[in-house]
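Peer 1: Build the 3D model from these lines:
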Amino acid sequence: MATEEASGGLVFDPMHQFVVTPLFGGHEVHWYTPTNATLWMAITVLAIVLLLVTGTRGRAIVPTRIQSIGEMAYGFIYKMVEDVAGKDGVRFFPYIMTLFMFIVFANFVGLLPMSFTTTSHIAVTGVLAMAVFLTVTILGFVLNGTKFLGLFWVKSAPLPLRPVLALIEIISYFVRPVSHSIRLAGNMMAGHAVIKVFAGFAAITAIAPLSIVAITAMYGLEVLVSFIQAYVFTILTCVYLKDALHPGH
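Peer 2: Numbering: from 1, shown residues only. Model (predicted):
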């Protein structure tokens, strides 16, 4: 949280919590090296399995608390996909459900003490966003052929403006994976960094009570942000899926 320099001052390092380190010694990280990020992604997957598989295997008529949470998550995402992407989008529900559960669990697991927030890294959110981008783009051409390009041609605009708008639409389309990934990673990183800074001030006796209050408030806000960011990522995926299923303005 905070360390003392030789001069007696406090040095804050809120970004140290995002450093990827090998699990089994050494300092170099290769693509095959098990790291703290690998560990916490595995914990995230295990938590999802415990909720959706182990917790609901009884399929009781009167559900347990764990089964109720699983059923609520299922119904929440199913309705989102149906409302945003339409009936045609329901067949992609398993993929979207998987995205939401991974992101929301990774966000919440990252709030545990001594944990690692995997969704604070652009390497993780970038892969998720690029997977959505490629899936939607390939699907759009497979289902619609060249008609998918109608997504970039604004027929309702005056003819002289259409080429300009088409260029803007193309640029905004290819920026999607960038904004999609940075939004999630940036929000998760910023919130955790602020909490770390407030925690560092707790070492100063004079303002320790205020620091604790600030940490509590920020932690509560981060719980809300963790869910909202998973929701935003998922609903944008549904919007992009709708564009692939029904292109054109």
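Peer 1: Now for Val142: which residues touch it?
Peer 2: By C-beta atoms under 8 Å, 6 or more residues apart in numbering, no residues touch Val142. The way it works is simple: take the backbone N, C-alpha and C, and place the C-beta from them, glycine included.
Peer 1: Quick one: mean pLDDT for the helix or strand where it lies?
Peer 2: Assessed by DSSP states H and E, Val142 sits inside helix 122-144. Here helix 122-144 scores 95 as its mean pLDDT.
Peer 1: Kindly report the same for stretch 59-66.
Peer 2: For stretch 59-66, the mean confidence score works out to 80.
Peer 1: Can you get me the start-to-end distance on it?
Peer 2: End-to-end distance of stretch 59-66: 11 Å, with C-alpha to C-alpha, to the nearest Å as the criterion.
Peer 1: In the protein, which helix is the longest?
Peer 2: helix 162-201 (DSSP state H).
Peer 1: quick check: angle from that one to helix 122-144?
Peer 2: Between helix 162-201 and helix 122-144, the angle comes out at 150 degrees (axes from the mean of the first three to the mean of the last three C-alpha atoms, to 10 degrees).
Peer 1: Could you pull out the buried residues of helix 162-201?
Peer 2: In terms of neighbour count (16 or more other C-beta atoms under 10 Å), helix 162-201 has its buried residues at 162, 165-166, 169, 173, 176-177, 180-181, 183-185, 187-189, 191-201.
Peer 1: And for stretch 36-43?
Peer 2: In stretch 36-43, counting by 16+ other C-beta under 10 Å, buried: Ala37, Trp40, Met41, Ile43.
Peer 1: out of those, which are inside helices?
Peer 2: In helices, judged by DSSP H, the following of the buried residues of stretch 36-43 are found: Ala37, Trp40, Met41, Ile43.
Peer 1: For the chain, which residues score under the pLDDT cut-off?
Peer 2: Within the chain, the segments meeting pLDDT under 70 span 1-12, 248-249.
Peer 1: run the last query once more with 50
Peer 2: 1, 3-8 (pLDDT under 50).
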